[in-house]
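**Student:** My questions concern the predicted model and sequence given below.
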Amino acid sequence: MTFSRRMWDLLLVATLLAGSAFIWATRVVPGAPATAPAPEPAATQPAPLVGHPAPEFTLSAIDGSQVALDDLRGQVVLINLWATWCPPCRAEMPAIQQAYERFRDQGFVVLAVNQQEDAARVVAYMNEQRLTFPALLDSDALVGAAYQVRVLPSSFFLDRRGVIRAVYRGPMSRGMIEGTIEQLIAETP
């Protein structure tokens, strides 16, 4: 059966009408009560935004120590959420290591927050790559949820007051990393 031009035109009109009806029926009316299901607890928290304080957390490092973000006030902090299985995460790690070596004596700290991998795997990766910055274990992904991470890697640069100053979703270049750190280190606390 072949469609004639008229049949195609009728199909197009029917599709447009059905699409318009769907859009009209599912539109959000300003001021109308929400009818969506209740959001998950992490979704009720505001997204971490530039210019706002970073969500606090305390996690175990791969050496067994506890690291609290609040204890790092006065330093410039890079929170990098990542995983060993993530190729873009692996690609940016050497640049993060270089920046850590270059700026750590000027008050720069890296917190590599691993997402839901076991400690042995993270330790092996850190050793294999000769990465010396702290790696933290977010075993239950609560920090990932608080930072509303949907993409790995996701990076948050904090100033010395604990305020988010830059957010990068996806891999960062060496220039992005170092430029952001230089700006934050140069600021008066």
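**Tutor:** Structure received.
**Student:** from here on, contacts and neighbour counts on C-alpha atoms
**Tutor:** Noted.
**Student:** List the contacts of E117.
**Tutor:** 83, 137-139 (C-alpha atoms under 8 Å, 6 or more residues apart in numbering).
**Student:** and if we set it to 6 Å?
**Tutor:** With contact set as C-alpha atoms under 6 Å, 6 or more residues apart in numbering, E117 has no partners.
**Student:** Secondary structure element holding it?
**Tutor:** E117 belongs to no helix or strand when assigned by DSSP states H and E.
**Student:** so what's it scoring on pLDDT?
**Tutor:** Looking at E117, its pLDDT reads 97.
**Student:** now the one 10 residues further on
**Tutor:** The confidence metric pLDDT takes the value 97 at N127.
**Student:** Which helix or strand contains it?
**Tutor:** Secondary structure (DSSP H and E) places N127 in helix 119-129.
**Student:** Show me what counts as buried in that helix.
**Tutor:** Under the neighbour-count criterion of 16 or more other C-alpha atoms under 10 Å, helix 119-129 has 119, 122-123, 126 buried.
**Student:** Using JSON lines, lay out the residues you listed together with distance to P53.
**Tutor:** As requested, the buried residues of helix 119-129 are exported to JSON lines (distance: C-alpha to C-alpha, whole Å):
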{"residue": "A119", "distance to P53": "29"}
{"residue": "V122", "distance to P53": "28"}
{"residue": "V123", "distance to P53": "30"}
{"residue": "M126", "distance to P53": "29"}
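**Student:** N80 touches L158, doesn't it?
**Tutor:** No. Counting by C-alpha atoms under 6 Å, N80 stays clear of L158, with 11.1 Å between them.
**Student:** what's the neighbour count on Q75?
**Tutor:** By the criterion of other C-alpha atoms under 10 Å, Q75 has 20 neighbours.
**Student:** quick one: contacts for it?
**Tutor:** 107-108, 160.
**Student:** Quick one: which of those residues is the most crowded by neighbours?
**Tutor:** Busiest of the contacts of Q75 [other C-alpha under 10 Å] is F108, holding 24 neighbours.
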